[in-house]
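[1] Take a look and give me a structure for this.
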Amino acid sequence: MAKHNGTRSSQPLLHQHGVEIQEFGSMRLLPIALAAEARAETCQLLNHILADSVILYSLYKKHHWLVRGHTFYMLHLLLDKHAGEQLELIDLLAERVQTLGGVAVADPRHVAEITTIPRPPNGVEEVPAMLSRLLEAHEIVIAKIRDAITRTAANRDDGTNDMLMGDVLRRHEMQVWFVAEHLVDTPAVRS
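    Okay, here's the model as predicted:
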């Protein structure tokens with residue numbers, strides 16, 4: 001409990017400022033039996049995947065809100081489900097960076113500087129364009145995931161490698177399948 005003029009007070013101590021205690025890109029030494037160079041490389045790889053994942057999450061939410069047409073209901077629900085799954089992956093990736101002793105990219109302005117996913121228009125696109133944009137974003141992220149899987153295997157970063165293969169890659173591939181099926185041009189009422 002804070003003291004104010006020598007007496008106890010429940011007043012929050014507002015407007016506090018501090019110094020940055022760990023810079024982005026720097027590493028803390030944690031006793032996890034993994035070389036500092038390997039941990040640093042993994043953190044860099046994961047932060048790029050993380051930044052793109054934050055953007056992909058935002059694309060899913062944007063398209064969830066703005067989807068139109070006769071498939072509105074099913075796409076509205078699917079896109080929101082995928083957004084939630086991306087949010088889980090974002091947390092998993094960020095916590096892995098922290099586990100390795102790094103600093104996870106977190107501020108949206110910093111994410112925007114790092115991401116390689118192209119920015120969408122501010123307005124509403126047609127549904128096929130929205131879905132294509134999601135698939136293109138997934139492919140960018142998947143390419144980075146596959147590269148990180150190779151590099152973490154070479155560095156014996158088994159924890160990250162397992163997470164990327166077992167959780168992250170498989171989730172992305174499943175989401176690609178579900179979105180891509182909505183772009184198949186088949187008649188709805190005749191065969």
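[2] Longest helix of the chain, counting residues only.
    Secondary structure of the chain per DSSP state H: the longest helix is helix 36-66.
[3] ok and the helix or strand just after that helix relative to helix 36-66, angle-wise?
    Per DSSP states H and E, the first helix or strand lying C-terminal to helix 36-66 is helix 72-99. Relative orientation of helix 72-99 versus helix 36-66 (axes from the mean of the first three to the mean of the last three C-alpha atoms, to 10 degrees): 160 degrees.
[4] counting contacts, what elements does whichever helix or strand comes after helix 72-99 pack onto?
    Counting by DSSP H and E, the next helix or strand C-terminal to helix 72-99 is helix 108-114. Packing contacts for helix 108-114, counted by 3 or more C-beta pairs under 8 Å, 6 or more residues apart in numbering; DSSP states H and E, involve helix 36-66. Where C-beta positions appear, they are placed from N, C-alpha and C, glycine not excepted.
[5] Give me the mean pLDDT for the helix it packs on.
    For helix 36-66, the per-residue pLDDT values average out at 97.
[6] Mind listing what's buried along it?
    Buried residues in helix 36-66, counted by 16 or more other C-beta atoms under 10 Å: 38-43, 45-64.
[7] now stretch 14-34
    Neighbour counts over stretch 14-34 (16+ other C-beta under 10 Å) mark 27, 34 as buried.
[8] My read is that residue 60 contacts residue 79, right?
    Yes: under the criterion of C-beta atoms under 8 Å, residue 60 makes contact with residue 79 at 5.2 Å.
[9] For residue 130, which residues are in contact?
    By C-beta atoms under 8 Å, 6 or more residues apart in numbering, the residues touching residue 130 are 63, 66, 67.
[10] Which pLDDT value goes with it?
    What the model reports for residue 130 is a pLDDT of 96.
[11] do the same with the one 4 residues further on
    Model confidence at residue 134, given as pLDDT, is 98.
[12] what sits against the residue nearest the centre of the chain?
    What sits nearest the mean C-alpha location of the chain, by C-alpha atoms, centre = their mean, is residue 53, with 2.6 Å. Counting by C-beta under 8 Å, 6+ apart, residue 53 makes contact with 86, 89, 90, 93, 141.
[13] Make JSON lines out of these and add neighbour count.
    Output for those, formatted as JSON lines (neighbours: other C-beta atoms under 10 Å):
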{"residue": "86", "neighbour count": "24"}
{"residue": "89", "neighbour count": "21"}
{"residue": "90", "neighbour count": "19"}
{"residue": "93", "neighbour count": "25"}
{"residue": "141", "neighbour count": "27"}
